[in-house]
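Participant: Please find the sequence and the predicted model below.
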Amino acid sequence: MGIERRHDPIEGSVAATPRDVLADTEWLRCVPSVALDLLAKQAVLHRMPSGSTLFEEAETPSFALLLVSGSVELIAVRGAEETLVEFVQAPDLLLPAAVLNNQPYLLRARVLHDARLVMIQAENFRDAVATDHALCLAVLACQAAQFRRQIKHVKNLQLRSAEERVGCYLMKLVQGAAPGTPVKLPLEKRLIASQLGITRETFSRTLQIIIRHGLRIEGEIVLIEDITAAQARFKLDPLVDGYEPMIPIQPKRN
């Protein structure tokens with residue numbers, strides 16, 4: 001699973017309040033002002049540094065968390081063991097199902113790259129979703145995109161070998177780059193390995209194997225040595241590798 005570049009409503013914006021940020025979030029553009037006002041009521045815009053834990057497994061949400069800049073790891077935990085389930089980039093809601101159902105989180109959330117979030121009171125979030133049709137459709141679109149991302153992730157894990165997973169991950173990274181142009185890995189190798197369902201050691205061994213197919217890693221840099229060979233071996237599938245946009249259904253006008 002590669003890293004997609006998405007619009008960040010904070011970068012380059014003069015938005016300074018939770019209400020401003022909500023109005024500047026692309027997939028909330030069709031939500032009327034009254035619903036945004038309800039969401040912003042008692043909400044706060046908060047910055048969290050890298051390494052901060054946003055919530056733990058089994059914790060019941062007090063806030064709906066809209067990630068507006070930065071990135072977050074969603075992690076499954078068993079004792080001292082952790083495994084990366086998903087790498088979330090702005091703009092996105094963090095596990096909104098737990099907030100909507102007032103149920104415990106199933107994962108731990110930890111900031112990977114410094115993040116800014118709108119923290120919306122959970123009860124206000126549920127009230128606003130229940131009250132406004134356009135907001136309900138927007139949140140539904142968000143959850144639909146999240147669900148489809150997870151289905152694609154499962155397909156990637158179950159239908160591809162470790163070599164194919166690593167190769168396709170790298171092919172997504174280098175898409176559009178000119179031959180010979182270096183591309184930096186977006187995550188630590190241990191995190192990429194965890195995301196691809198393999199150990200750090202298997203990831204390292206696989207990197208040595210895929211050299212014969214035109215892709216080479218030097219430190220944190222991906223180099224394309226033979227794009228034709230790489231494309232022949234590691235064929236990207238839009239039903240596995242494609243980006244999932246959040247596209248709310250437009251409310252019907254009476």
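Facilitator: Now that the structure is in, tell me what you want to look at.
Participant: C-alpha from now on. contacts and neighbour counts both.
Facilitator: OK.
Participant: other SSEs contacting whichever helix or strand residue 149 is part of?
Facilitator: Secondary structure from DSSP states H and E places residue 149 in helix 133-159. Secondary-structure packing of helix 133-159 (3 or more Cα pairs under 8 Å, 6 or more residues apart in numbering; DSSP states H and E): helix 122-131, helix 238-241.
Participant: so which of these is the most packed in?
Facilitator: helix 122-131 (a mean of 18; mean count of other Cα atoms under 10 Å).
Participant: which helices and strands does that one pack with?
Facilitator: helix 33-40, strand 63-78, helix 96-101, helix 133-159.
Participant: what's whatever helix or strand comes next after the longest one packed up against?
Facilitator: To tie it back to what came earlier, the one meant is helix 133-159. Using DSSP H and E, the helix or strand that follows helix 133-159 towards the C-terminus is helix 162-174. Helices and strands touching helix 162-174, by 3+ Cα pairs under 8 Å, 6+ apart, are helix 200-209, strand 221-224, helix 227-233.
Participant: Sketch out the low-pLDDT regions of the protein for me.
Facilitator: By pLDDT under 70, the weakly predicted segments of the chain are 1-15, 179-180, 253-254.
Participant: again, 90 this time
Facilitator: 1-16, 42, 80-83, 174-182, 186-187, 216, 223-227, 247-254 (pLDDT under 90).
Participant: on that earlier part again, among the helices and strands packed on helix 162-174, which is the most enclosed?
Facilitator: Of the helices and strands packed on helix 162-174, strand 221-224 is the most buried (mean count of other Cα under 10 Å), at a mean of 20.
Participant: In CSV, please show the C-alpha coordinates belonging to that strand.
Facilitator: Below are the C-alpha coordinates for strand 221-224, written out as CSV (Å, rounded to 0.1, in the frame of the first residue of the first chain):
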residue,chain,number,x,y,z
ILE,A,221,16.0,5.7,-1.4
VAL,A,222,14.2,3.7,-4.2
LEU,A,223,16.0,3.6,-7.5
ILE,A,224,14.4,2.5,-10.8
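Participant: This completes my enquiry, with thanks.
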